[in-house]
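Asks: coordinates only, sequence not included:
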């Protein structure tokens with residue numbers, strides 16, 4: 001992507017096209033290295049195996065707004081009794097900084113997350129993230145007119 005100004009190097013031509021095709025309310029999954037992305041039925045499955053989710057998320061949010069609804073970011077819940085994965089704090093920090101507001105992470109249990117992905121995902125971006133329970137779904141928001 002070096003031939004364009006302002007596009008992070010992690011955003012491949014395929015991912016840039018998908019982001020441009022997405023509309024308000026469409027869902028994109030940023031998947032960890034263990035996620036069964038190819039079997040989820042999304043129209044687009046893009047691989048960025050050399051990146052972790054936090055770095056990709058930071059770059060993606062330079063281009064894509066997150067929806068303002070209460071349910072605009074989802075994570076795969078850990079089993080009962082297990083602590084929250086540290087990577088979720090990174091997600092909150094990155095999203096809240098990019099959006100300049102607090103965005104709540106909604107937890108979906110593993111199979112609900114898979115079902116939600118099959119039903120709603122416009123695209124799945126497969127990363128090389130090794131943290132457990134690092135899957136994240138974002139709902140695309142709108143780009144407001146400049147004031």
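Replies: Alright, I've got the coordinates. Just so we're clear, the structure is a prediction, and the values are computed from it rather than from any experiment.
Asks: quick one: residue 95 is in a helix?
Replies: Yes. According to DSSP: H, G, I helix; E, B strand; the rest coil, residue 95 belongs to a helix.
Asks: do you know the pLDDT at it?
Replies: Listed pLDDT for residue 95 reads 98.
Asks: residues in contact with it?
Replies: Residues in contact with residue 95 (CB atoms under 8 Å, 6 or more residues apart in numbering) are 57, 61, 66, 73, 103. No exception for glycine: its C-beta is placed from N, CA and C like everyone else's.
Asks: mind putting the residues you listed into CSV with distance to residue 48 and neighbour count?
Replies: Shown next, in CSV, are the contacts of residue 95 (distance: CB to CB, whole Å; neighbours: other CB atoms under 10 Å):
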residue, distance to residue 48, neighbour count
57, 11, 21
61, 15, 16
66, 19, 19
73, 19, 19
103, 22, 22
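Asks: among those, which lie within strands?
Replies: Taking DSSP state E as the definition of strands, the contacts of residue 95 contribute residue 73.
Asks: what would the contacts of residue 95 look like in JSON lines with pLDDT and distance to residue 37?
Replies: Output for these, formatted as JSON lines (pLDDT from 0 to 100; distance: CB to CB, whole Å):
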{"residue": "57", "pLDDT": "98", "distance to residue 37": "16"}
{"residue": "61", "pLDDT": "98", "distance to residue 37": "20"}
{"residue": "66", "pLDDT": "98", "distance to residue 37": "21"}
{"residue": "73", "pLDDT": "98", "distance to residue 37": "18"}
{"residue": "103", "pLDDT": "96", "distance to residue 37": "23"}
